[in-house]
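Undergrad: sequence plus predicted model, see below.
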Amino acid sequence: MTKKAKINASILIIGNEILSGRTQDTNTSTLATWLNSIGVKVEETRTIPDVEKKIVDTVNHFRSSYDYVFTTGGIGPTHDDITAQSISKAFGIEYEIHKKAFKILKDYYKPGEFNEGRQKMAWMPENANLILNPTSGAPGFNVENVFSLPGVPSILKSMLGGLKNSIVGGEPIKSLTISLRTVESEIAKSLNQVQIDNQDVEIGSYPFFQAGKLGVSIVIRSEDKNKIKVCNSQILKFVKEKKIEVVDR
């Protein structure tokens, strides 16, 4: 059986409201979790403002550096929603009314409700492929390896299922979490040795505070569940030797 190639992606969060702190970004977590589940590793994320040059430059950098680029935000009906026209400029193609998107939106709204602002959501890069929206009608789009989704978390989440046939992933990335009642300094040397012995496995440690006590969660990530098992055994061995408590979270 031929091993699947490793596929990577980047996520570009677009919106002044994220940078100002008015809106909390949850889309990165949603996208990264979904992409990992289909074998696409997210290697970079970035948050930028609604500024055309910044969008154009970042999209061009990302699309030449990663297999897939996912943008969120900036495809709505207001004046500062400039993602679609910026991506058109990044690819050097026309920004125009997408006839199929226009029809979807016209059919979605009641007579008289499909106003000029809402018609703006049908403007996209020339010959873009649509990403259907089962929640609010307005579709996203993709051009080559760039996929543009809305910024509203619930809408974005509802659109991911429609992307499965468009994304070619590698082996799904599996993970295992071990939560310990300890501090990072207590396990740092032993954990580092496990990482040295298993360099093709990603091992991270993350402090947490629960029930008034400090703890550390160790997360092991790999495409190979057997490699995760090996790391798990090595970690539990030094945990037992150090008499550290394993806790449920």
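TA: Great, that's in hand.

Undergrad: let me see the contact set for residue 214.
TA: By C-beta atoms under 8 Å, 6 or more residues apart in numbering, the residues touching residue 214 are 181-183, 207-208. Any C-beta I mention is one placed from the backbone N, CA and C, and that applies to glycine too.

Undergrad: which ones among the residues you listed are found in strands?
TA: Secondary structure assignment by DSSP state E places 181, 207-208 of these in strands.

Undergrad: returning to that earlier point: out of the contacts of residue 214, who has the most neighbours?
TA: Neighbour counts for those peak at residue 182, which has 20 neighbours (criterion: other C-beta atoms under 10 Å).

Undergrad: OK, contacts around the closest residue to that one other than its chain neighbours?
TA: Leaving aside its sequence neighbours, residue 182 sits nearest to residue 244 (C-beta to C-beta, 6 or more residues apart in numbering; 4.8 Å). Neighbour list for residue 244: 180-182, 186-187 [criterion: C-beta under 8 Å, 6+ apart].

Undergrad: any chance of those in JSON lines, with distance to residue 129 too?
TA: Below are these laid out as JSON lines (distance: C-beta to C-beta, whole Å):
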{"residue": "180", "distance to residue 129": "46"}
{"residue": "181", "distance to residue 129": "50"}
{"residue": "182", "distance to residue 129": "50"}
{"residue": "186", "distance to residue 129": "52"}
{"residue": "187", "distance to residue 129": "48"}
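
Undergrad: one step back: ok, so of the contacts of residue 214, who is nearest residue 38?
TA: residue 208 (27.8 Å; C-beta to C-beta).

Undergrad: how about the most centrally placed residue in the chain, phi and psi?
TA: Centroid-nearest residue in the chain: residue 31, 3.0 Å away (criterion: C-alpha atoms, centre = their mean). The phi and psi values for residue 31, taken as degrees, to the nearest 10, are phi -70, psi -40.

Undergrad: same question, residue 157
TA: phi -60, psi -40.

Undergrad: would you confirm that it contacts residue 33?
TA: No: the criterion here is C-beta atoms under 8 Å, and residue 157 misses it with residue 33 at 10.2 Å.

Undergrad: those two: which has the busier surroundings?
TA: A direct count of neighbours by other C-beta under 10 Å for residue 157 and residue 33 places residue 157 higher, at 16 against 11.

Undergrad: wait, what's in contact with the nearest residue to the more buried one once chain neighbours are set aside?
TA: In this structure, residue 157 finds its nearest non-sequential neighbour in residue 30, 5.5 Å apart by C-beta to C-beta, 6+ apart. If you count contacts by C-beta under 8 Å, 6+ apart, residue 30 has them with 153, 156-157, 160.

Undergrad: now the element after the longest helix anywhere in the chain, going C-ward?
TA: The longest helix of the chain (DSSP state H) is helix 225-241. Downstream of helix 225-241, the first helix or strand assigned by DSSP states H and E is strand 245-247.

Undergrad: how about that following strand: buried residues?
TA: Buried residues in strand 245-247, counted by 16 or more other C-beta atoms under 10 Å: residue 247.

Undergrad: can you tell me the strand partners of it and which way each runs?
TA: strand 174-181 (antiparallel) (DSSP bridges).

Undergrad: specify the angle between the next helix or strand after the strand it pairs with and strand 174-181 in degrees.
TA: Using DSSP H and E, the helix or strand that directly follows strand 174-181 along the chain is helix 184-197. Orientation note: helix 184-197 sits at an angle of 150 degrees relative to strand 174-181 (axes from the mean of the first three to the mean of the last three C-alpha atoms, to 10 degrees).

Undergrad: keeping just the C-alphas, turn helix 184-197 into PDB.
TA: Provided in PDB are the C-alpha atoms of helix 184-197 (Å, rounded to 0.1, in the frame of the first residue of the first chain):
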ATOM      1  CA  GLU A 184       6.300  21.600  33.200                       C
ATOM      2  CA  SER A 185       9.700  22.000  34.900                       C
ATOM      3  CA  GLU A 186       9.300  18.600  36.700                       C
ATOM      4  CA  ILE A 187       8.900  16.700  33.400                       C
ATOM      5  CA  ALA A 188      10.800  18.900  30.900                       C
ATOM      6  CA  LYS A 189      14.000  16.800  30.800                       C
ATOM      7  CA  SER A 190      12.300  13.400  30.600                       C
ATOM      8  CA  LEU A 191       9.800  14.700  28.000                       C
ATOM      9  CA  ASN A 192      12.600  16.200  25.900                       C
ATOM     10  CA  GLN A 193      14.300  12.700  25.800                       C
ATOM     11  CA  VAL A 194      11.100  11.100  24.500                       C
ATOM     12  CA  GLN A 195      11.000  13.700  21.800                       C
ATOM     13  CA  ILE A 196      14.600  13.100  20.900                       C
ATOM     14  CA  ASP A 197      13.900   9.400  20.600                       C
END
